[in-house]
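Undergrad: What would the 3D arrangement of this be:
(2 chains)
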Amino acid sequence: MSGIVQDKKYRNRQKIKDRFITAFIGIFAFVWMVPILWTFWTSLRPYQDIIEKGVFSRPDTLNLNNYAEAYRQMEIWGYLKNSFLVAIPAVVLTLFFGSLLAFVVTRYSFRFNLYLLLLFTAGNLLPVQLVYAPLFKMYIWIGDLVGNRNLLYDSYLGLILVHVALQVGFATFVMSSYMKTIPKEISESAMVDGASVFRHYWNVILPLLRPPLAALSVLMTTWIYNEFFWAIVLIKSDSKRPITSALGRLQGEYVTDFNLLAAGAIMAALPTLIIFFILKRQFVSGLTLGSTKG
Amino acid sequence: MTTTATRDKSRRRRAFTRGDRFTLAMFVGVPSALHIVWVWIPAIATIGLSFTYWNGVALSDIKWAGLANYDTIFTASPQFYHALRNNFYWLTWFTLIATPLGVLLAYQIDRKIRGHKIYESVYYIPVVLSLAVIGIIWRFMLGPAGLVQVMLGHPGIEDAIPIFGNYSINTYVILGIASWRHIGYIMLLYLAGLKSVDPSLREAAAIDGATEWQTFRKIVLPAMKPVNTIIIVITVIESLRAFDLIYIIYGTSTGWPILGMLVFQNIYGQAASMLGAAYAVILFLLSIIPIVFYLRTVFRDDVSS
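TA: Numbers count the residues shown, from 1 in each chain, chains lettered A, B, ... in the order given. Here you go, the predicted structure:
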């Protein structure tokens, strides 16, 4: 009897505590959003309004003029296009290479499989600064060798390849963990049927890899889109810059006109925000596949 | 690659045709070659270059320097110790405050408190933003005429108080901004791990009268051991690699020096010297421990099987 009473008391206490925690997390969440909401708010107001009446004033007008203006003056679209021209081929190539490696590593037991995976994963974790200087030299050197200095340096191709080289380990790792859950019998029947290695990969394995491919493509698109270091060191011409590294320059140029800058920043953030909200499930499963091994 | 494939052929039940052997060699060879040539060879070259004098232009100018670069860093570069200290602050703050906060948040959200779906998204939004955007957003908060400035009673651009340039507070400001992103990241990783913890374990603990804290410490934490290791390692690696945010806020290493920034400044552009390579190697040596831990956790099953 007393046990039940105690239980009830305990539950009531827990309920009060839960309400407290919920309120706290709610307030915390609001604080979390303030910087973004504030930037958005700033982006909706005319510059003149703020200069005359101060930042906290009640706005006379709220409109999207800053966006139109930023779009035109900052040439946001050009930079966004650059970002996609780098991110999309890089993701496709990374996933293609990753699926090839995952296929071989899990379906054919070579002795070096594990070492290969180790090497790739370790490479992915290296500080990028350790790689930069010789790679830069190599890009110039290869460019001079073929008579086009901008073959790899200051070109989309060079930026794409460095992303692929660094990210392919993670993609391989995620896909090979996933493939371990696919029964081996499927592969064995393909081998018995006398399918070539290529057909085995293309017709049997690749279709089965759809879930990790979807998850990884979402995750990696945002990673590469947001990547910063390589974009500033490998791209020299402003017209070829991806949006993230271009923002650095725009920030200096529009330092006083912060409504315009706010609109530019929101536009730069939109693609990843849209991807996140539409494909949240894939996004989360991509992260967890990689970090907790399924 | 082909030779290994050939050697393995004899051990297999079914011999590969020549076409298959070629396909396999390409499947492994092309990505591996790209990875090795683009990542490992430059990494090793940087280690070698850290023992030389070179301005990064003509290969014939490379001169052996022995340990001179390291000597300069350790004995004549106060910025190095400054940076080391800042990286250490970053690491301590992330390990003791930001990461536990993310874990706690994940634990509470996993209990399906009211509105947990919304909170999950809200806390995660900063993670999908690029650091360039984050830098601008926080400038609107803390820079001249920013929200915080107005709230502190300095609404004008001219009478703004320096926040990023104030050495007594900028460490906290930077770590706060970095946490804004890190906490959500850790939360999501942990949340995914928590979903795999058997809920009946927790129910049993609750029936036995365990408090929430006891359940967390005695049931959840032990069940999450691999995730815990990965989160700690990610925290350490991120703390060492930190670069973007500092670059966006300061552009140079004078405002708040950090190792990643020192490498960049000494190795990039006109003033390149192999001092930067030596800094990179120091950064690498510091990263080896967490990298090995990560590999050991992640590949443990494969090695034993």
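Undergrad: Determine the set of other helices and strands touching the host helix or strand of A:Phe84.
TA: Under the criterion of DSSP states H and E, A:Phe84 resides in helix A:76-107. Helix A:76-107 sits against helix A:113-125, helix A:156-179, helix A:210-226, helix A:243-253, helix A:258-278, helix B:18-35, with contacts defined as 3 or more CB pairs under 8 Å, 6 or more residues apart in numbering or on different chains; DSSP states H and E. Heads up, the C-betas are built off the backbone N, CA and C, glycines and all.
Undergrad: list the contacts for B:Thr72?
TA: Residues near B:Thr72 by CB atoms under 8 Å, 6 or more residues apart in numbering or on different chains: B:275, B:278.
Undergrad: Now with 7 Å, please.
TA: By CB atoms under 7 Å, 6 or more residues apart in numbering or on different chains, B:Thr72 lies in contact with B:Leu275.
Undergrad: what's the distance between it and chain A?
TA: B:Thr72 sits 17 Å away from chain A, going by CB to the nearest CB, to the nearest Å.
Undergrad: quick one: average confidence on the helix holding A:Phe84?
TA: In this model, helix A:76-107 has an average pLDDT of 93.
Undergrad: thinking again about what came up before, with B:Ser273 as the reference, name the closest of the helices and strands packed on helix A:76-107.
TA: Among these, the nearest to B:Ser273 by CB to CB is helix A:156-179 (23.0 Å).
Undergrad: okay, the angle between that closest one and helix A:76-107?
TA: Counting by axes from the mean of the first three to the mean of the last three CA atoms, to 10 degrees, helix A:156-179 lies at 40 degrees to helix A:76-107.
Undergrad: name the helices or strands packed onto helix A:156-179?
TA: Helices and strands touching helix A:156-179, by 3 or more CB pairs under 7 Å, 6 or more residues apart in numbering or on different chains; DSSP states H and E, are helix A:76-107, helix A:113-125, helix A:210-226, helix A:229-234, helix A:280-292, helix B:18-35.
Undergrad: Just the buried residues of that helix, please?
TA: Neighbour-count burial for helix A:156-179 flags A:156, A:158-179 (criterion: 16 or more other CB atoms under 10 Å in any protein chain shown).
Undergrad: Mind exporting the C-alpha coordinates of it to PDB?
TA: Extracted in PDB, the C-alpha atoms of helix A:156-179 (Å, rounded to 0.1, in the frame of the first residue of the first chain):
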ATOM      1  CA  TYR A 156      36.200  23.900 -60.000                       C
ATOM      2  CA  LEU A 157      37.900  20.700 -61.000                       C
ATOM      3  CA  GLY A 158      40.700  21.100 -58.500                       C
ATOM      4  CA  LEU A 159      38.300  22.000 -55.700                       C
ATOM      5  CA  ILE A 160      36.000  19.000 -56.500                       C
ATOM      6  CA  LEU A 161      38.900  16.600 -56.500                       C
ATOM      7  CA  VAL A 162      40.200  17.600 -53.100                       C
ATOM      8  CA  HIS A 163      36.700  17.300 -51.600                       C
ATOM      9  CA  VAL A 164      36.400  13.800 -53.200                       C
ATOM     10  CA  ALA A 165      39.800  12.700 -52.000                       C
ATOM     11  CA  LEU A 166      39.100  13.800 -48.400                       C
ATOM     12  CA  GLN A 167      35.500  12.600 -48.200                       C
ATOM     13  CA  VAL A 168      35.600   9.300 -50.000                       C
ATOM     14  CA  GLY A 169      36.800   7.500 -46.800                       C
ATOM     15  CA  PHE A 170      33.800   8.500 -44.900                       C
ATOM     16  CA  ALA A 171      31.400   7.500 -47.700                       C
ATOM     17  CA  THR A 172      33.200   4.100 -48.000                       C
ATOM     18  CA  PHE A 173      33.000   3.600 -44.300                       C
ATOM     19  CA  VAL A 174      29.300   4.300 -44.000                       C
ATOM     20  CA  MET A 175      28.400   2.200 -47.100                       C
ATOM     21  CA  SER A 176      30.600  -0.700 -46.000                       C
ATOM     22  CA  SER A 177      29.000  -0.800 -42.600                       C
ATOM     23  CA  TYR A 178      25.600  -0.800 -44.300                       C
ATOM     24  CA  MET A 179      26.600  -3.500 -46.700                       C
END
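Undergrad: From the structure, what's the count of residues near the nearest residue to A:Gly78 once chain neighbours are set aside?
TA: Once flanking residues are discounted, A:Gly78 sits nearest to A:Ser239: 6.8 Å by CB to CB, 6 or more residues apart in numbering or on different chains. By other CB atoms under 10 Å in any protein chain shown, 10 other residues sit near A:Ser239.
Undergrad: And the one 3 residues further on, by the same measure?
TA: In terms of burial, A:Pro242 registers 30 neighbours under the definition other CB under 10 Å.
Undergrad: which one of the helices and strands packed on helix A:156-179 lies closest to B:Arg114?
TA: The closest of the helices and strands packed on helix A:156-179 to B:Arg114 is helix A:280-292. By CB to CB, the value is 19.6 Å.
Undergrad: how far away is A:Trp223 from B:Ile125?
TA: In this view, A:Trp223 and B:Ile125 are 16 Å apart by CB to CB, to the nearest Å.
Undergrad: Repeat that for B:Gln79.
TA: 35 Å.
Undergrad: next one: B:Ser77
TA: Computed as CB to CB, the B:Ser77 to B:Ile125 distance reads 39 Å.
Undergrad: now do A:Phe170
TA: According to CB to CB, A:Phe170 stands 23 Å off from B:Ile125.
Undergrad: next one: B:Gly48
TA: Computed as CB to CB, the B:Gly48 to B:Ile125 distance reads 43 Å.
Undergrad: Neighbour count for those two, which is higher?
TA: A count of neighbours by other CB under 10 Å puts B:Ile125 above the other of B:Gly48 and B:Ile125, at 19 against 13.
Undergrad: Low-confidence bits of the stretch 101-250 of chain A, can you list those?
TA: Applying pLDDT under 70 to the stretch 101-250 of chain A flags the ranges A:110.
Undergrad: err, chain B, not the other one
TA: For chain B, the stretches with pLDDT under 70 are B:1-15, B:270-271, B:302-305.
Undergrad: Spit out the contact partners of the residue sitting nearest the centre point of it.
TA: With distances taken as CA atoms, centre = their mean, the residue of chain B nearest its centroid is B:Glu238 (1.8 Å). If you count contacts by CB under 7 Å, 6+ apart, B:Glu238 has them with B:His182.
Undergrad: quick one: it and B:Asp244, what's the gap?
TA: In terms of CB to CB, B:Glu238 sits 11 Å off from B:Asp244.
Undergrad: Equivalent analysis for B:Ala76, please.
TA: In this structure, B:Ala76 lies at 28 Å from B:Asp244, with CB to CB as the measure.
Undergrad: Of the two, which one has the most company?
TA: Between B:Ala76 and B:Asp244, counted using other CB under 10 Å, B:Asp244 has the larger neighbour count: 23 against 9.
Undergrad: from memory the more buried one sits against B:Leu131, does it?
TA: Yes: applying CB atoms under 7 Å as the test, B:Asp244 and B:Leu131 come out as touching, 3.7 Å apart.
Undergrad: Could you tell me which residues touch both of the two?
TA: A:Phe228.
Undergrad: does chain B sit close to the longest helix anywhere in chain A?
TA: Counting by DSSP state H, the longest helix found in chain A is helix A:2-44. Yes: if you take CB under 7 Å from any CB of the partner chain as the test, helix A:2-44 does meet chain B, through A:10, A:18, A:21-22, A:25-26, A:29, A:32-33, A:35-36, A:38-39, A:42.
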